[in-house]
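Chemist: just the structure for this:
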Amino acid sequence: MYRFAVLLALPLLASAATPNEKLKQCCATLKDADKECVDRFCDFNAISQANILNFMSTCGERGPTVGQMWDCASLRHNHESCCKAKGVSGDCLKYCTAHKGAPADYLNYAFCTENFNEIRDCFHEHLDKNEPFKKL
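Modeler: So this is what the prediction gives:
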């Protein structure tokens, strides 16, 4: 019986989407987002603390792009406990409380770039266990 259950589960495991695939699925539904920004940055491997300010400054003035992509990555979930466990603190936790959306005044938080990889990793870990954001 155990072998039968394992055989039934194998196709489900093989077809499970990765967090990056889920992120891309969500970004593909963003009708109002800037296509260049989505193509360039809608990938967990494409955004890091080294280029998050470039993403924000490039895409921040392109309609709802940053907010919508943030929703896809964060699932609008409160990641505060994960972020704290990874050492994110103070005002930078505003990026972790993604259920409120991305902070619009990101230049005031430029010092948070040193914590961005930890924030991104929390989003990635949560998306690994949950379905992609479908509201958009």
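
Chemist: for this structure, give me the ranges with low pLDDT.
Modeler: Counting by pLDDT under 70, the chain has low-confidence residues at 1-15, 106-108, 134-136.

Chemist: point to the residue nearest the middle of it.
Modeler: Closest residue to the average C-alpha location of the chain: A73 at 1.9 Å, with Cα atoms, centre = their mean.

Chemist: my guess is it meets L127, correct?
Modeler: Yes. A73 lies in contact with L127 (Cβ atoms under 8 Å); the separation is 7.3 Å. In this view, the C-beta of every residue, glycine as well, is placed from N, C-alpha and C.

Chemist: please enumerate the shared neighbours of the two.
Modeler: The contact sets of A73 and L127 overlap at L23 (Cβ atoms under 8 Å, 6 or more residues apart in numbering).

Chemist: how far does stretch 18-36 sit from its chain's centre?
Modeler: 10 Å (Cα atoms, centre = their mean, to the nearest Å).

Chemist: hey, C-alpha coordinates of it in PDB?
Modeler: Output in PDB follows, covering the C-alpha atoms of stretch 18-36 (Å, rounded to 0.1, in the frame of the first residue of the first chain):
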ATOM      1  CA  THR A  18       9.300  26.200  -7.800                       C
ATOM      2  CA  PRO A  19       9.000  29.600  -6.100                       C
ATOM      3  CA  ASN A  20      10.600  31.300  -9.100                       C
ATOM      4  CA  GLU A  21       8.200  29.600 -11.500                       C
ATOM      5  CA  LYS A  22       5.300  30.700  -9.200                       C
ATOM      6  CA  LEU A  23       6.700  34.300  -9.200                       C
ATOM      7  CA  LYS A  24       6.900  34.300 -13.000                       C
ATOM      8  CA  GLN A  25       3.300  32.800 -13.300                       C
ATOM      9  CA  CYS A  26       2.000  35.700 -11.200                       C
ATOM     10  CA  CYS A  27       4.000  38.300 -13.100                       C
ATOM     11  CA  ALA A  28       2.700  37.000 -16.400                       C
ATOM     12  CA  THR A  29      -0.800  38.100 -15.300                       C
ATOM     13  CA  LEU A  30       0.200  41.700 -14.600                       C
ATOM     14  CA  LYS A  31      -1.600  43.600 -17.400                       C
ATOM     15  CA  ASP A  32      -0.700  47.100 -16.100                       C
ATOM     16  CA  ALA A  33       2.900  46.400 -15.200                       C
ATOM     17  CA  ASP A  34       5.800  47.600 -17.400                       C
ATOM     18  CA  LYS A  35       6.800  44.700 -19.700                       C
ATOM     19  CA  GLU A  36      10.500  45.600 -19.700                       C
END
